[in-house]
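K.L.:
pasting a predicted model and its sequence here:
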Amino acid sequence: MDVNKQCYRFFFLLAVVILLVNDFFLKATFHNTFTGKLSDAAGLFAFPYFISLLFPKKVKINYIASVLLFIIWKWEGIEPLLQWFQSIGIGINRTIDYTDLYALAIVPLSYWYWFNPTKTIILLPK
C-alpha cells in the first residue's frame, strides 16, 4: 500500500455517511420512527469505532463506555443535568424512547468489524 494514501474502512465510512444524511436531510424531511432508529444504529456503529481510532489500545473500554453512555443518554434520570445545561445556555435536545436501546444490537457487529482481519478499504489520494 502506498504510504501517501489514507486508508478508510468501507462500513465505517458508510455508517458516518448514513448518520450525516439521516440527521441533516432524512429526519427533517420524514421525521419518523425509522429515521430516529437509523441515527441510533449508524451512530452506535461509527462512534465506538471512531473513538477506537483515537485510542487503539483501549478498544474494549471504548466500546463498553459507548454502550454505557448511550444507555445513560436515554435514561430519564439525567433530565435535571440536561435542564441545568439549558439554564446556562447550552441547548441539548433528546427524545426519551427506551425502544432506542434496540440499536445497541449493532455494537457487537462494529466491535467484530474492528477486529475483522479482512480489510475492506477505500484508498483516497492525499
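P.N.:
Yep, it's here. Numbering: from 1, shown residues only.

K.L.:
so for this protein, the centremost residue is which one?
P.N.:
Among the residues of the chain, the smallest C-alpha distance to the mean C-alpha position (Cα atoms, centre = their mean) belongs to G43, namely 2.1 Å.

K.L.:
model confidence at it, what's the number?
P.N.:
G43 is assigned a predicted lDDT (pLDDT) of 97.

K.L.:
for D100, grab the count of nearby residues.
P.N.:
Other residues within reach of D100 by the criterion other Cβ atoms under 10 Å amount to 21. The way it works is simple: take the backbone N, C-alpha and C, and place the C-beta from them, glycine included.

K.L.:
after the longest helix anywhere in the chain comes which helix or strand?
P.N.:
As assigned by DSSP state H, the longest helix anywhere in the chain is helix 33-54. For helix 33-54, the following helix or strand on the C-terminal side (DSSP states H and E) is helix 59-74.

K.L.:
between that next one and helix 33-54, how many degrees?
P.N.:
Angular relation of helix 59-74 and helix 33-54 on a 0 to 180 degree scale: 150 degrees, by axes from the mean of the first three to the mean of the last three Cα atoms, to 10 degrees.

K.L.:
buried residues, helix 59-74. List them.
P.N.:
Applying a neighbour-count criterion of 16 or more other Cβ atoms under 10 Å, the buried positions in helix 59-74 are 59, 62-63, 66-67, 70, 74.
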